[in-house]
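# Below is the sequence, then the predicted model.
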Amino acid sequence: MANKKNKQKTPQQQQYEQLEKKFETKRPVLKNCIKAFFVGGLICTIGQVISYFYIYFFHFTEQTSGNPTSATVIFFSMLLTGFGIYDRLGQFAGAGSAVPVSGFGNSIISAAIEHRTEGFVLGVGGNIFKLAGSVILFGVFSAFVVALVKTIIMELGGL
Amino acid sequence: MLKGKQSWLFPNHPVILSTGVSGGPFEANGYLAHDFDILHDDLWMGKDSYEQAHRLLLEEAAQTALQKSEVKPEDIQFFIAGDLINQITPTSFAARDLKIPYFGLFGACSTSMEGLALASFLINYQGATKILTGASSHNAAVEKQFRYPTEYGGQKPPTAQWTVTGAGVALVAANNNQPNLPYTTSATIGKVMDMGISDPFNMGGAMAPAAADTISAHFNDLGRDASYYDLIITGDLGKIGRETAIALLTNNGWDINPDKFKDCGLLLYKENQPVQSGGSGAGCSATVLYGHLLNEMKKGKYKKILLVATGALLSPLTVQQKETIPCIAHAVSIEINGG
């Protein structure tokens, strides 16, 4: 697609692209990666602490503590989103705050807040999964494909 | 009077009788806060939605312009304005309350100068004696439509720009030799340019060719060069677009002094405000021109300026369908006597 696009560009457009690139501020990729690493790591460390909390005080096991932990992290990310803090964290940390489950919570609650003015049904209900919808769709679909591949291999005699 | 290929001369010098400028909290913390007539400390502005707040900004700016020159809405023939929201509802809804015959414009962020050029033309040729023209944008309402929810924690690249919350309205009137008022002398209408940029987070880079093309056309049509003006100021090219436009104009053989080539989007905010490459939006050029720049002209700092408002004519749909961004720029020259 990108190649097809480049071929469609006139020589004039290609020449301009080269000129414009000279003035374009580059994304500070290395700096962004380091920030994402530390903020993402910090969020996961907090998640780990919450997970141990559930294991020690509520008798969850390492396998079952995942659900209440995700719910708690999402709850806090929703609070931070509502207070207008999470978007600032996102600008600083990038993928560091978007990839953990707290980023998923943020994408849902931010859409819900944004469309509150259009009513609860068509506004909040219709738009709450605007950003998270594709995460759910492709998450479920890839889990299905992986499970299918695993089942076929097992049926053929396994590894 | 048509001059050259795409420019108008206004020999009767329509005057800008008065202006009204309103802004939001981010603008109140910026460099030009004292040039706003009305500043809100909250994006909601006491309304139930951002879209209603958007409309309020325009209504307040229009009322302020009318109050300053003590003109009643009944005495104004036309209201020529626009904004960035779907079907330009904030402007049309404001026009409903103003009860002035209305032309709704869409030129994205170039709307301010599209309006001023048309208003000047109508007044110069007796199509009207008083016209209200302006443009507005509201950060949260525009972001909601064009990008992600305001509280979404996505990371904006350094090329992104910040949509201005504000409205700028001017009352343009026939020239009766009023002293010390700025007047429009010419306008150049731009053509749509597309140089193949498709990144919606790099509007400055996409719009720079349109600005350069309109400025070149203006110089060619009117037989002028950059030295004629005390200041050439673009609407919302931002850091990247401004530098690219200077390079394009220099490559075309025009001698541009970077100190006299500014950008509205770079004047509004302080360095510590997180606006990445600068301000943008339909309200950007409107608030800076009708507030800051005209104040400076009245103080005598500038005698002749050329304002080039640039607009990116994209929609969220065309971005998702991977289309490139067509852009436009309109220029209006404004002068003042004495000082």
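Alright, I've got the coordinates.

# Would you mind giving the domain segments of chain A?
In terms of domains, chain A is parsed into A:27-128, A:133-159 (source: automatic domain parsing).

# Nearest to B:Ala167, out of those domains?
Nearest of those to B:Ala167, taken as C-beta to C-beta: domain A:27-128 at 20.0 Å. C-beta here means a position set from N, CA and C on the backbone, and glycine is covered the same way.

# roughly how far is that closest one from the heart of the chain?
Per C-alpha atoms, centre = their mean, to the nearest Å, the displacement of domain A:27-128 from the mean C-alpha position of its chain is 9 Å.

# What's the end-to-end length of that domain?
In domain A:27-128, first residue to last residue: 30 Å (C-alpha to C-alpha, to the nearest Å).

# closest one to chain B among the domains of chain A?
Closest of the domains of chain A to chain B is domain A:27-128, at 2.3 Å (criterion: C-beta to the nearest C-beta).

# Going by residue numbers, what spans are helices in chain B?
Along chain B, the segments classed as helices by DSSP state H run B:25-28, B:50-69, B:89-98, B:111-124, B:139-146, B:203-222, B:238-251, B:264-267, B:282-287, B:294-299, B:316-320.

# circling back: buried deepest among the domains of chain A, which one?
For the domains of chain A, ranked by mean neighbour count under the definition mean count of other C-beta atoms under 10 Å in any protein chain shown, the leader is domain A:27-128 at a mean of 17.

# Nearest to B:Tyr148, out of the domains of chain A?
Using C-beta to C-beta, those put domain A:27-128 closest to B:Tyr148, at 7.4 Å.

# Any part of that closest one near chain B?
Yes: contact check for domain A:27-128 against chain B, using C-beta under 8 Å from any C-beta of the partner chain: residues in range are A:27-28, A:32, A:81-82, A:84, A:86-91, A:93-95, A:97-98, A:103, A:106-107, A:109-111, A:113-115, A:117.

# From those, which land in strands?
In strands, defined here by DSSP state E, there are no members of the residues of domain A:27-128 next to chain B.

# Which one, of the helices of chain B, ends up nearest to A:Thr151?
With distances scored as C-beta to C-beta, the stretch of these nearest to A:Thr151 is helix B:316-320 (35.6 Å).

# buried ones in the closest one?
For helix B:316-320, the neighbour count (16 or more other C-beta atoms under 10 Å in any protein chain shown) marks B:Val319 as buried.

# repeat for stretch B:149-167
By neighbour count, and taking 16+ other C-beta under 10 Å as the criterion, the buried residues in stretch B:149-167 are B:149-157, B:159-167.

# Provide a list of residues in contact with B:Asp236.
With contact taken as C-beta atoms under 8 Å, 6 or more residues apart in numbering or on different chains, B:Asp236 is in contact with B:109, B:161, B:164, B:203-204, B:207, B:263-265, B:278-281, B:284-285, B:309-310.

# at 6 Å what do you get?
Residues in contact with B:Asp236, defined by C-beta atoms under 6 Å, 6 or more residues apart in numbering or on different chains, are B:Cys109, B:Gly265, B:Ser280, B:Cys284.

# just so I know, which of the domains of chain A lies nearest B:Glu74?
Closest approach to B:Glu74 among the domains of chain A (C-beta to C-beta): domain A:27-128, 33.7 Å.

# ends of stretch B:275-283, how far apart?
End-to-end span of stretch B:275-283 (C-alpha to C-alpha): 15 Å.

# What lies in contact with it?
With contacts defined as C-beta under 6 Å, 6+ apart, stretch B:275-283 is touched by B:83-84, B:109, B:111, B:135-137, B:156, B:158-164, B:166-167, B:204, B:236, B:238-240, B:265-266, B:268-269.

# now do stretch B:219-226
With contact meaning C-beta under 6 Å, 6+ apart, stretch B:219-226 is reached by B:Lys3, B:Gly4, B:Lys5, B:Ser7, B:Trp254, B:Ile256.

# Also stretch A:89-106?
The set of residues external to stretch A:89-106 that reach it, using C-beta under 6 Å, 6+ apart, is A:32, A:35-36, A:39-40, A:43, A:70, A:73-74, A:77-78, A:81, A:86, A:132, B:153-155.

# Keeping just the C-alphas, turn that stretch into PDB.
Provided in PDB are the C-alpha atoms of stretch A:89-106 (Å, rounded to 0.1, in the frame of the first residue of the first chain):
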ATOM      1  CA  LEU A  89       0.900  10.700  31.900                       C
ATOM      2  CA  GLY A  90       0.200   9.300  28.300                       C
ATOM      3  CA  GLN A  91       2.000  12.300  26.700                       C
ATOM      4  CA  PHE A  92       5.000  11.700  28.900                       C
ATOM      5  CA  ALA A  93       5.100   7.900  28.800                       C
ATOM      6  CA  GLY A  94       3.600   6.900  25.500                       C
ATOM      7  CA  ALA A  95       3.400   3.100  25.100                       C
ATOM      8  CA  GLY A  96       4.500   2.800  28.800                       C
ATOM      9  CA  SER A  97       1.000   3.900  29.900                       C
ATOM     10  CA  ALA A  98      -0.900   2.700  26.900                       C
ATOM     11  CA  VAL A  99       0.200  -1.000  26.700                       C
ATOM     12  CA  PRO A 100      -0.600  -2.100  30.300                       C
ATOM     13  CA  VAL A 101      -4.300  -2.900  31.100                       C
ATOM     14  CA  SER A 102      -4.600   0.600  32.700                       C
ATOM     15  CA  GLY A 103      -4.300   2.000  29.100                       C
ATOM     16  CA  PHE A 104      -7.200  -0.100  28.100                       C
ATOM     17  CA  GLY A 105      -9.200   1.300  31.000                       C
ATOM     18  CA  ASN A 106      -8.200   4.800  29.900                       C
END
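
# Stretch B:233-252: how far from the chain's middle?
How far stretch B:233-252 lies from its chain's middle: 16 Å, per C-alpha atoms, centre = their mean.

# So which of the contacts of stretch B:219-226 sit within strands?
Cross-referencing the contacts of stretch B:219-226 with the strands (criterion: DSSP E) gives B:Lys3, B:Ser7 as the overlap.

# lowest average confidence, helix or strand, in chain A?
Counting by mean pLDDT, DSSP states H and E, the weakest-scoring helix or strand in chain A turns out to be helix A:2-8, with a mean of 56.

# So which elements touch the biggest helix by length in chain A?
Ordering each helix of chain A by length in residues (DSSP H) puts helix A:29-58 first. Applying 3 or more C-beta pairs under 6 Å, 6 or more residues apart in numbering or on different chains; DSSP states H and E, one finds that helix A:29-58 contacts helix A:66-82, helix A:86-93, helix A:95-98.
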